[in-house]
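J.: Model the structure of this input:
(one chain, ligands or ions: 1)
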Amino acid sequence: MTARLVVMISGNGSNLQAILDAIANKTLPAEVVLVVSNRKNAYGLERARNAGVKTLYFPLKPYTDDEKSREQYDADLAERIAVYAPTFIVLAGWMHILSAAFLDKFPRQVINLHPALPGEFAGMYAIERAYDAYQERKIAFSGCMIHYVIPEVDAGAAIATAEVPILDSDSLEDFEKRMHATEHQLLIYTLRSLISRKGG
Ligand code: GAR
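T.: Residues are numbered from 1 along each chain as shown. This next block holds a predicted model:
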């Protein structure tokens, strides 16, 4: 089957790019039907436009300005996305928490990529926090994971994990690069297996 993917981003979009490249190389049987960003200047939006993919900029600010609830934002966003009939919704650096008002519309279809192993470094700056924890000898290695999304941040059943070593000689930048390279591979591998399970 060719899966219909909606990819949600807030920034650089290197993981979105990995998906777009895998599709272009015919190593992922999917189509990105929409890229959503909550930030207007997210570089990922440009990556989407370069690949001829539709984009939706959907900021929270108008809702907070109008004193509309977060649930209203989530419900409206879900409605805009549902029109695209996604097979999966991939949170690839999406930095907003999604409530049940969004998640209940897409049961077991929303997956998140997080640059840490299950139960470790939930939330922002996970890479920096893992690097610091290594310097303090609190951890020996880190990793990344893909998990089903539940309202609790960076939690939910893990679908796939990969360890990422930290070396004594690593700068934060070295470790970050290794993390992102691993994430790109894990994301494509996981999507491929989720899509084949769905089709089979
Ligand atoms: C990735 O490292 C992803 O794991 C992380 O944001 C980065 C996005 O990079 N997500 C989280 O921290 C979620 N809590 P990208 O924009 O280059 O794909």
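J.: Can you verify my assumption that residue 6 contacts residue 34?
T.: Yes: counting by Cβ atoms under 8 Å, residue 6 touches residue 34, with 4.7 Å between them. Just so you know, the C-beta spots here come from the backbone N, C-alpha and C atoms, and that holds for glycine as well.
J.: Can you pull the residues that touch both of these two?
T.: Common contact partners of residue 6 and residue 34 (Cβ atoms under 8 Å, 6 or more residues apart in numbering): 81, 84, 86.
J.: So which of those residues belong to helices?
T.: residue 81 (DSSP state H).
J.: Can you show me the helices along this structure?
T.: Using DSSP H, the helices of the chain run over 14-24, 43-50, 61-65, 70-82, 100-103, 126-135, 172-199.
J.: Tell me which of the ones you listed sits nearest to the ligand.
T.: With Cβ to the nearest ligand atom as the criterion, the ligand lies closest to helix 14-24 of these, at 3.2 Å.
J.: Do the closest one and the ligand come into contact?
T.: Yes: residues of helix 14-24 are located near the ligand by Cβ under 6 Å from any ligand atom, namely 14-15.
J.: what does the average pLDDT come to for that helix?
T.: What helix 14-24 shows for mean pLDDT is 98.
J.: neighbours of residue 66, just the number please.
T.: For residue 66, the neighbour count with other Cβ atoms under 10 Å is 9.
J.: Okay, it and the ligand: tell me how far apart.
T.: Per Cβ to the nearest ligand atom, to the nearest Å, residue 66 is found 27 Å from the ligand.
J.: quick one: contacts for residue 157?
T.: Residue 157 is in contact with 147-148, counting by Cβ under 8 Å, 6+ apart.
J.: do the one 4 residues further on as well
T.: The neighbours of residue 161, taking Cβ under 8 Å, 6+ apart as the test, are 117-118, 143-146, 186.
J.: quick check, nearest of those to the ligand?
T.: Out of the contacts of residue 161, the member with the shortest distance to the ligand (by Cβ to the nearest ligand atom) is residue 144, at 6.2 Å.
J.: contacting residues around stretch 148-156?
T.: Defining contact as Cβ under 8 Å, 6+ apart, one finds that stretch 148-156 is touched by 91, 97-100, 103, 108, 110-112, 114, 116, 122-123, 126, 147, 157, 159.
J.: again, only using 6 Å
T.: Contacts of stretch 148-156 with the rest of the structure, by Cβ atoms under 6 Å, 6 or more residues apart in numbering, involve 97, 99-100, 110, 112, 114, 122-123, 147, 157.
J.: Return the closest of the residues you listed with respect to the ligand.
T.: Checking those against the ligand with Cβ to the nearest ligand atom, the nearest one is residue 114 at 4.8 Å.
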